[in-house]
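Q: With the sequence up front, the predicted model follows.
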Amino acid sequence: DARVTQTPRHKVTEMGQEVTMRCQPILGHNTVFWYRQTMMQGLELLAYFRNRAPLDDSGMPKDRFSAEMPDATLATLKIQPSEPRDSAVYFCASGLEGQGAGLFFGSGTQLSVL
Amino acid sequence: AQSVTQLGSHVSVSEGALVLLRCNYSSSVPPYLFWYVQYPNQGLQLLLKYTSAATLVKGINGFEAEFKKSETSFHLTKPSAHMSDAAEYFCAVRAHYGGSQGNLIFGKGTKLSVKP
């Protein structure tokens, strides 16, 4: 059963530390998205890749966040330095390019920055 | 620009009653619309999608949604609620960037509670 895999599931860290979240998209999917979910803001797009190339990262604070796809099987989201306001659930989703295509979501990384 | 509005952040129904979750969209181009469900501590799961074929779309778990262009709506319904339907439901529209499709834009979500 193909699924998007995210690690870690939970992360607790102290302010100022680097956080790296990883995502393995479904094999064959050529689009990858990072979303952040909070009670106040709901689901917000952070970054979007197509064929490993970044297409849209306008939702991401550039001074501390970075997103990459080193290869087709791995996407990473890094926060350095982390801040308490970064506490949220971070979701990775993958899909096939096509306007009618849905996205498949991972289980998320619950991040708490103390 | 595209957007979706979900009316009602919380809906409560009795088991066996009709479920109706409302979603209105705004789009300058023909929209592609989606409903997702999120169970506690899990990711989002696709329930159904509208991609300009049939206006009545059937999804998993007995849910369906009807696309009404005149009302710019895509409401989600289920004839008879089950306890296992308790979850948060998100309506989403696919963004268009200069002719190429982009990310999903989500509504704020509607939390569905089902009473015994």
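A: Yes, it's here.

Q: all contacts plus neighbour counts: C-alpha atoms, from now on.
A: Fine.

Q: mind checking pLDDT for the residue of chain B at minimum distance from chain A?
A: Ranking the residues of chain B by distance to chain A (Cα to the nearest Cα) places residue B:43 first, at 4.2 Å. Residue-level confidence at residue B:43 comes out at 90, pLDDT.

Q: Test my guess that it contacts residue A:108.
A: Yes - using Cα atoms under 8 Å, residue B:43 is in contact with residue A:108, at 6.1 Å.

Q: Let me see the contact set for the residue of chain B closest to chain A.
A: By Cα atoms under 8 Å, 6 or more residues apart in numbering or on different chains, the residues touching residue B:43 are A:91, A:105-108.

Q: Narrow those to those in strands?
A: Cross-referencing the contacts of residue B:43 with the strands (criterion: DSSP state E) gives A:91, A:105 as the overlap.

Q: out of the contacts of residue B:43, who has the most neighbours?
A: By neighbour count, taken as other Cα atoms under 10 Å in any protein chain shown, the most surrounded of the contacts of residue B:43 turns out to be residue A:108 (30 neighbours).

Q: how close does the nearest residue to it once chain neighbours are set aside sit to residue A:7?
A: The shortest distance from residue A:108 to any residue other than its chain neighbours is 4.4 Å, reached at residue A:91 (Cα to Cα, 6 or more residues apart in numbering or on different chains). Relative to residue A:7, residue A:91 is positioned 10 Å away (Cα to Cα, to the nearest Å).

Q: residues shared between the contacts of these two?
A: A:108-109.

Q: show me the contacts for the closest residue to residue A:81 other than its chain neighbours.
A: Take residue A:81 and drop its neighbours on the chain: the residue closest to it by Cα to Cα, 6+ apart is residue A:16, 4.4 Å away. For residue A:16, the residues meeting the contact criterion (Cα under 8 Å, 6+ apart) are A:80-83.

Q: hmm, 7 Å instead?
A: A:81-83 (Cα atoms under 7 Å, 6 or more residues apart in numbering or on different chains).

Q: same check, this time on residue A:106
A: Applying Cα under 7 Å, 6+ apart, one finds that residue A:106 lies in contact with A:4-6, A:91-93, B:43.

Q: Quick check: pLDDT value at the residue nearest to residue A:81.
A: In the prediction, the pLDDT value recorded for residue A:16 is 97.

Q: same thing with residue A:62?
A: As summarised for this prediction, residue A:62 has a pLDDT of 87.

Q: Can you report phi and psi for it?
A: Comment: the main-chain dihedrals of residue A:62 come out as phi -70, psi -20, following degrees, to the nearest 10.

Q: do you know how far it is from chain B?
A: As defined by Cα to the nearest Cα, to the nearest Å, residue A:62 lies at a distance of 19 Å from chain B.

Q: Tell me which other helices or strands the longest strand belonging to chain B touches.
A: Ranked by number of residues, the top strand in chain B under DSSP E is strand B:87-97. Under the contact criterion of 3 or more Cα pairs under 7 Å, 6 or more residues apart in numbering or on different chains; DSSP states H and E, the helices and strands touching strand B:87-97 comprise strand B:3-7, strand B:33-38, strand B:100-106, strand B:110-115.

Q: Alright, that wraps it up for me.
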